[in-house]
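Undergrad: just coords:
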């Protein structure tokens, strides 16, 4: 948006990060001005709602934006065009009745609703009865990702994320099978809170399983291009940004059917497994990528082609186009 000549401000709920840290974590070229509703952490959900209602609305009144894009819904009512982005209904693994009631009301009254994938748009229609959402995927800066040839990659697999919904135990079980057939294979794991998973790693594979913790976006990009495949047996995904990043690096993905089928195409840029807990099928699909060079090269090429459809300028233009339609509808209503 900034490169297209728009003035951009970010309003964040709580906490504070210096610009240098934001550049490092998110690996962006431009950081717009950031306004914080609260500098410290919220002590409760009630406090968060009150801060957004009082201070968030005050911030937006002072900024007077023409377009407000909300990632999720907060109780702020700017007077101009409002676009609400739903990143998933069950991102925590379940969908609480209170959250469902909140979304049902707020998604209907706040403005134009965006779903980050076609399956999520269908889920919103099924769960909430809202049928006029627009599907706009998450984008990435494809130029920042490199794709190494197979000969320069390690015989390794990457699993991104340790939250329960990412289902690391299934990847670990699949890797046990893989390691018996490819003794030199490695498994890299990124994400925090690793203590609960380290005990699941059997002694015979401990030297080949690397817990890397939380790493910067730049290091993660290097890692995507270093491995042969990404394992993603998630229980729930509204979009799967890790899959998109892997594709931008020319790395095929073996993942569950939770990953939207407008991103991961079975047999084209990776493989689907029907059950997130089917570690045997996951192991076989990953082995096929590790052992079948010609198939890997074909899928790697297809993966890069897929990622090009999500380049960030295209996504920015999709939001601007939606904003123009929303503004026209607002004028008609007035």
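TA: Right, received. Where do you want to start? In this text, all values refer to a predicted model and were calculated from it rather than measured experimentally.
Undergrad: mind giving me the domain ranges of this structure?
TA: Per automatic domain parsing, the structural domains of the chain span 9-140+312-333, 142-308.
Undergrad: least reliable of these by average pLDDT, please.
TA: Mean pLDDT is lowest for domain 9-140+312-333 among those, at a mean of 85.
Undergrad: hang on, the earlier thing: packed most tightly, which of the domains of the chain would that be?
TA: Burial of these is given as mean neighbour count (mean count of other C-beta atoms under 10 Å); domain 142-308 ranks first at a mean of 19. For the C-beta atoms, the positions are set from N, CA and C on the backbone; glycine is no exception.
Undergrad: now render the domains of the chain as JSON lines, adding distance to residue 3.
TA: Formatted as JSON lines, the domains of the chain follow (distance: least, C-beta to C-beta, whole Å):
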{"stretch": "domain 9-140+312-333", "distance to residue 3": "7"}
{"stretch": "domain 142-308", "distance to residue 3": "12"}
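Undergrad: among those, which comes closest to residue 2?
TA: Closest approach to residue 2 among those is made by domain 9-140+312-333 (4.9 Å; C-beta to C-beta).
Undergrad: now the helices for this structure?
TA: Here the chain has its helices, by DSSP state H, at 19-26, 45-51, 57-63, 97-109, 118-128, 168-181, 195-198, 217-226, 241-248, 279-291, 293-308, 312-333.
Undergrad: go through those and name the closest to residue 78.
TA: From the helices of the chain, taking C-beta to C-beta, the stretch that ends up closest is helix 57-63, at 4.5 Å.
Undergrad: for the closest one, which helices and strands make contact with it?
TA: Here helix 57-63 touches strand 9-12, going by 3 or more C-beta pairs under 8 Å, 6 or more residues apart in numbering; DSSP states H and E.
Undergrad: in the sheet, which strands lie alongside the strand it packs on, parallel or antiparallel?
TA: With DSSP bridges as the test, strand 9-12 is paired with strand 33-36 (parallel).
Undergrad: chain center to the partner strand: distance?
TA: Distance of strand 33-36 from its chain centroid, counting by C-alpha atoms, centre = their mean, to the nearest Å, is 23 Å.
Undergrad: now swap in stretch 235-244 and tell me
TA: 5 Å.
Undergrad: quick check: end-to-end length of it?
TA: Length of stretch 235-244, first residue to last, C-alpha to C-alpha, to the nearest Å: 17 Å.
Undergrad: repeat for stretch 83-103
TA: Stretch 83-103: ends 14 Å apart by C-alpha to C-alpha.
Undergrad: show me how far it is from its chain's centre.
TA: Put simply, stretch 83-103 sits 15 Å off its chain's centre (C-alpha atoms, centre = their mean).
Undergrad: please enumerate residues in contact with that stretch?
TA: If you take C-beta atoms under 8 Å, 6 or more residues apart in numbering as the criterion, stretch 83-103 is touched by 67-73, 106-107, 110-116, 120, 123-124, 127-128, 133, 136, 138, 164-165, 235-239, 319, 322-323, 326.
Undergrad: minimum distance to residue 260: which of the helices of the chain has it?
TA: For residue 260, the closest of the helices of the chain is helix 118-128, at 4.5 Å, according to C-beta to C-beta.
Undergrad: helices or strands up against that closest one?
TA: Packing contacts for helix 118-128, counted by 3+ C-beta pairs under 8 Å, 6+ apart, involve helix 97-109, strand 112-115, strand 134-135.
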